[in-house]
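>>> return atomic coordinates for the entry below.
(chains A and B, ligands or ions: 2)
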There are 2 protein chains.
Amino acid sequence: MSSFTSQDHISINAIRALAADVVGKANSGHPGAPMGMAPVSHVLFSRFFNANPKNSKWYNRDRFVLSNGHACALQYILLHLLGYKLSMDDLKAFRQLDSLTPGHPEAGHTDGIEVTTGPLGQGFANGVGLGIAQAHLAALYNKPGFDLVNNYTYVFHGDGCLMEGVASEAASIAGHLQLGNLIYIYDDNHISIDGDTNVAFTENTEQRFLAYGWQVLKVADGDNDLEGIANAIAEARKETSKPSIICLRTTIGYGSKQQGTHGVHGSPLKADDITNLKTKFGLPADQSFYVPQEVYDIYKGIGTRGAEKEKAWDALLASYGEKFPKEHSELTRRIAGKLPAGWQDVLPIYKPSDAAQASRKLSEIVLTALTPAIPDMVVGSADLTGSNLTRVKGVEDFQPASTGLGSYKGTYLRYGVREHGMGAIANGLHAYGGIVPIVATFLNFVSYAAGAVRLSALSGHQVIWVATHDSIGLGEDGPTHQPIETGVHLRAIPNLDFWRPADGNETSAAYKVALESTRTPSVFSLSRQNLPNLENSTIEHASKGGYVVHEEQGEDLTIVSSGSEVSIALEAAQKLIAQGIKTRVVSLPCWSVFDAQPEEYRLSVLRSGAPILSVEALSTVGWAKYSHEQFGLLGWGASGPYKKVYEKFGITGDNIAAIGKKTVDFYKKKGGEVISPLIRAF
Amino acid sequence: MSSFTSQDHISINAIRALAADVVGKANSGHPGAPMGMAPVSHVLFSRFFNANPKNSKWYNRDRFVLSNGHACALQYILLHLLGYKLSMDDLKAFRQLDSLTPGHPEAGHTDGIEVTTGPLGQGFANGVGLGIAQAHLAALYNKPGFDLVNNYTYVFHGDGCLMEGVASEAASIAGHLQLGNLIYIYDDNHISIDGDTNVAFTENTEQRFLAYGWQVLKVADGDNDLEGIANAIAEARKETSKPSIICLRTTIGYGSKQQGTHGVHGSPLKADDITNLKTKFGLPADQSFYVPQEVYDIYKGIGTRGAEKEKAWDALLASYGEKFPKEHSELTRRIAGKLPAGWQDVLPIYKPSDAAQASRKLSEIVLTALTPAIPDMVVGSADLTGSNLTRVKGVEDFQPASTGLGSYKGTYLRYGVREHGMGAIANGLHAYGGIVPIVATFLNFVSYAAGAVRLSALSGHQVIWVATHDSIGLGEDGPTHQPIETGVHLRAIPNLDFWRPADGNETSAAYKVALESTRTPSVFSLSRQNLPNLENSTIEHASKGGYVVHEEQGEDLTIVSSGSEVSIALEAAQKLIAQGIKTRVVSLPCWSVFDAQPEEYRLSVLRSGAPILSVEALSTVGWAKYSHEQFGLLGWGASGPYKKVYEKFGITGDNIAAIGKKTVDFYKKKGGEVISPLIRAF
Ligand SMILES: [Ca+2]
Ligand SMILES: [Ca+2]
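Ligands and ions are numbered 1, 2, ... in the order given. The predicted structure follows:
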């Protein structure tokens, strides 16, 4: 490999000192890992990394993920030195309100950040998604002489990430998938927050990753052995049929008086310690935020190299366009993040007379229709394919060719029983660009992936969850599998659309809105049991998140419901109407989409004048925002044939009618005007 | 090992046929794994397992966990044959409403079920908790000649469990802790729901477990090689310083025409297939639910052996009581699940003039006071000890002595960065009996453990979560670490108490109620920032889940709040009072405990007559049940010094006062009586 000079050491020490300053000025943050990982960062970015700081979205850039996101002072410094849109003033505003340098890296917030990290293990798994995306798009679009999509994904992580289950899941599937484009660098500093990793983490990491089918490389002196680091990265790049992990022994807080202890993990260094280390590193001890000009020059050169790489790639893409116009047009469309025109036209439409079907089945019908229309969809399930109904006819599995089970062109991912890994991998798939990831499990087990789901929403990843078996309606599997709290949990996550469609058109609407919402994840809560098609349901109506399914003027009651309970609400309404109690029914498949409608529309759906009763076979928590009275599950579900389970909990036309009558009587007795719950004081 | 006879094969085949019948009659369930695991079950229970079916709570019984809980037809059959309180009629009611044989095994519901399983990976991790508990109690109470606590924990699991991150986390810590009392049996049938495990699970399991520090044993023919199975179990029992995993190659649905395929995983066998296999096994093909008398006799003998074991143990315990009266009294108290008398007396009590402190610090003060008073507490953190403040002075780490870092007598567990594993291990600790597990992480990362938390609640495990850094008040770490949705998620879980204490006395109250609630888990949402002690706060008041912090007669407004926002609400109230707007303030630290108070009390706290405004630095979802208007976070938090973050989101005395004024004006303008939101129609 390229030999290293004093300039490299100066750069490394400048990064270390700058990290101490950045954290020191903020008086908050983590200096230890940045100081320990400065050498590998410098070697990686100066010798290997392909990216253009002036266009952080260049498609074939190498991807960098800092899975130990608490070390982000390091990432911000690198972005600054390389010439991304991050100034020295931004570094000085580290961890300050509304700065570009928040306490953990946030994708979409800071130029050059690929994925949001900090919650441990997430970046590790995001990297696997980035690697799958590269392998997939390369298989689809690369041609002899046109190696258009060939970037590497580099992931830094510490022992914390390795302890997290989500990383174990992702590592296992990455090995299975033989992702040779992944290069993970493990900051093996033997320190975690509780002190020496000996207190809790004594497994043989090397052996574990060999078991997963990874290439394992080791560098004994990550603090100083730049040649060794470079050789390891070069070897990792050569291994094309396995992911690589480089176990890099480093000293946390290298240069500090407290180096090698957890004292430098999460607290700023003391002022005299910073002075001392600058002197030790040959930097002016009295200057803060000092970067020698030669370091800026070196990093400028790296940036220039990257810009040239992109230029050459642009030329290659142009000539590809001449030879392969169809592929070129599709690839550039995908890079631009636009779905093919007209896909909405193939969405299934239903009439009330069409047969009742489970919404998981309706989802399958939508996927069947969309699969030829949208090649961008990469669909998969956490080992529930036959239950989630996500694998439609004619699709191929995404598998290494050597398995004989598919190819990297395949659009169907077998995630295994790895919900959390699946969610985080999907975030990586979306972060890569050109892919709309659709993932599936039972609604109850979306909870296993909660850590990844909230980051989808925070980072604006368009990940679609096909979450079937969404209530007590799954029947016999019982309360261990029947979600109660999951709906309100997901409804409370900002920038996440939780859809609970009631029939065919509502299911089509959920897909329509989810696919149009390029910066918002969606969870589709789908039934195992059959649901009839409703009178007033259309894709247009349901796309508003809520609408009137059955209208009555001068009503005595409105019942608002979602999913599998809407038809039960309609049955109750018919019974009430037969008793002379005028009852409207509203379907509210998606709170957040409904909330985004104009006030006038919302108030026409959930209007003043009569009490509103909500009905759902889930926890009632949260429904008081949309209704005066709430009926639902107050405890756990039960195991049994689903109709009997519904009866047990009183979610039947008869009982809801009785509850509706009580509601009407109560508000009549109470007297006074009944105001819509949507009318608020502020 | 004991040699096997035709009687053993008859027993095994009877179990297989019975499993087919049980699932067949229910027309729902999983026959494949029970039929594949019948041989190992029979060998384990007939030759090794120590338990008394007539007293399923005998303390020193071996623990059995079916982590692949979908195979529960097998477990129910074994319980029936062994003589637990489960009749043939119960088997015939498999998966029927209100039966003792629900679709997945539920602890507390069916005699002999130790932990609730089904959600994959949970039982695997529960087993580690059971193992830690045994090692801990043995270290504390066993004496030479008195090996009182020496049971094994046997865990069955499939490949699904091995793919789950929660199991990886638990396996790693179990290896670190050198738990020689764990014997895991891996039903290696090469089949998961998606088909052959080759599609997603090709890692080298043997090597992975060696990396974790486990003993790995293999049995090539788990269908027939009873000697091999017995020898492996015997070897595993001999290994006392490592957990053991026996990789048992089996044929799913052994005996069925579809054996070895995923066709027998989750669907009943066809009638002719059942007939056919009975003939193959030499059983009467025309009889359903048939158990040869000799099989009953064999299993009766096993039960008798267990009863004798318990009798001998009772005698040993009695003679231990003579020699070690103090330890005997403590151990029997713990077995009975009673905390030592008088522990409530040491709970810290505060006056309003006492210094403001973070509630995480207040929690530390409680733990410091309680540690000498309640030896039953086993406390730990997922590598955030110094932030959660859970390790109080004088405690020892629970560690294998060989590490030099502690001993099995230690009560402090270093879980590593393994939140989900921690939660599931804690469920196992509680299931063992005699231990009150307290676990800690940031509130945001309780979400990583959601799968375990909901099973704590479903199974009635008294697990206490010290969940610190509970809002935007954590400041600089930013939105990746600031929970928004976590509070309402946890509040929506039945049988879980989510506490958000506002000061010292409320923190003491949270501990008091949580420690008294032996069948309910609790999550304490605790602040990083300092909180003043409130005027009307007492342990007694806060123990009701909600109370009036500041009273006014003839009020214009009530502000209801929790945790760190109560003092801000009080500040707002003072400003409003200064403007002549009479404002009450209610602290509502725990919704579920408040909901359990008499209606009269609840209506005196959140009373009719004036609007109620809720204020919390979390999602407002759910608060409409307790208030007319809600103020909180509508989106994500932000990174910055916490006071600035609070200002950004308008959670200040000034802004809440302004919002309060708007609320009062709105309701004045609206006119009419303002009714408490607690008054409902049904
Ligand atoms: Ca570390
Ligand atoms: Ca299996």
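>>> now whatever residue of the stretch 101-250 of chain A ends up closest to chain B. Nearest residue, chain neighbours left out?
At 2.0 Å from chain B, residue A:165 is the closest residue in the stretch 101-250 of chain A, using Cβ to the nearest Cβ. C-beta: built from backbone N, CA, C; applies to glycine. Leaving aside its sequence neighbours, residue A:165 sits nearest to residue B:165 (Cβ to Cβ, 6 or more residues apart in numbering or on different chains; 2.0 Å).
>>> residue contacts, the residue in the stretch 251-400 of chain A that ligand 1 sits nearest to?
Of all residues in the stretch 251-400 of chain A, residue A:252 sits closest to ligand 1, at 6.5 Å by Cβ to the ion. Counting by Cβ atoms under 8 Å, 6 or more residues apart in numbering or on different chains, residue A:252 touches A:32-33, A:35-36, A:189, A:191, A:259-262, A:264-265.
>>> quick one: residues contacting the residue of the stretch 301-450 of chain A found nearest chain B.
Going by Cβ to the nearest Cβ, chain B is nearest to residue A:416 of the stretch 301-450 of chain A, at 3.5 Å. By Cβ under 8 Å, 6+ apart, the contact list for residue A:416 reads A:169, A:172-173, A:176, A:382-383, B:163, B:192, B:194, B:199-201.
>>> quick check: it is in a helix.
No: counting by DSSP: H, G, I helix; E, B strand; the rest coil, residue A:416 is not part of a helix but coil.
>>> next one: the closest residue to it other than its chain neighbours from ligand 1, what distance?
Once flanking residues are discounted, residue A:416 sits nearest to residue B:200: 3.5 Å by Cβ to Cβ, 6+ apart. Separation of residue B:200 from ligand 1 (Cβ to the ion, to the nearest Å): 30 Å.
>>> need the contact list for residue A:513.
Going by Cβ under 8 Å, 6+ apart, residue A:513 touches A:497, A:499, A:522, A:543, A:590, A:593.
>>> the residue in the stretch 201-350 of chain A that ligand 2 sits nearest to: neighbour count?
Per Cβ to the ion, residue A:211 is where the stretch 201-350 of chain A lies closest to ligand 2, at 18.4 Å. When counting by other Cβ atoms under 10 Å in any protein chain shown, one arrives at 22 neighbours for residue A:211.
>>> quick check, it in contact with residue B:203.
Yes: Residue A:211 sits in contact with residue B:203 when judged by Cβ atoms under 8 Å, with a separation of 5.5 Å.
>>> get me the contact residues on the stretch 551-682 of chain A for chain B.
Counting by Cβ under 8 Å from any Cβ of the partner chain, the stretch 551-682 of chain A comes close to chain B at A:611, A:619, A:621-622, A:624-625, A:628-631, A:634-636, A:638-641, A:644-645, A:648, A:659, A:662-663, A:665-667, A:670, A:672-673, A:675, A:677, A:680-682.
>>> just the buried ones from those, in ChimeraX syntax?
Buried subset of those, written as a ChimeraX selection, criterion 16 or more other Cβ atoms under 10 Å in any protein chain shown:
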select /A:611,619,621,622,624,625,628,629,630,631,636,638,639,640,641,645,659,662,663,666,667,677,681
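>>> show me the residues of the stretch 551-682 of chain A next to chain B that map onto helices.
Judged by DSSP state H, the subset of those located in helices is A:644-645, A:648, A:659, A:662-663, A:665-667, A:670.
>>> which one of these sits closest to ligand 1?
For those, the nearest to ligand 1 is residue A:645 (47.8 Å; Cβ to the ion).
>>> who's the closest spatial neighbour of the closest one, skipping the chain neighbours?
residue A:472 (4.7 Å).
>>> ok, that neighbour - contacts?
Here residue A:472 is in contact with A:482, A:617, A:633, A:637-638, A:642, A:645-646, A:649, A:651 (criterion: Cβ under 8 Å, 6+ apart).
>>> let's see 10 Å
Going by Cβ atoms under 10 Å, 6 or more residues apart in numbering or on different chains, residue A:472 touches A:478-479, A:481-484, A:529, A:564, A:617-618, A:633, A:636-640, A:642, A:645-646, A:648-649, A:651.
>>> name the helix or strand for residue A:351, please.
In this assignment (DSSP states H and E), residue A:351 forms part of neither any helix nor any strand.
>>> could you measure the residue nearest to residue A:165 against residue A:528, distance?
Residue B:165 sits 26 Å away from residue A:528, going by Cβ to Cβ, to the nearest Å.
>>> more neighbours, those two?
residue B:165 (31 against 20).
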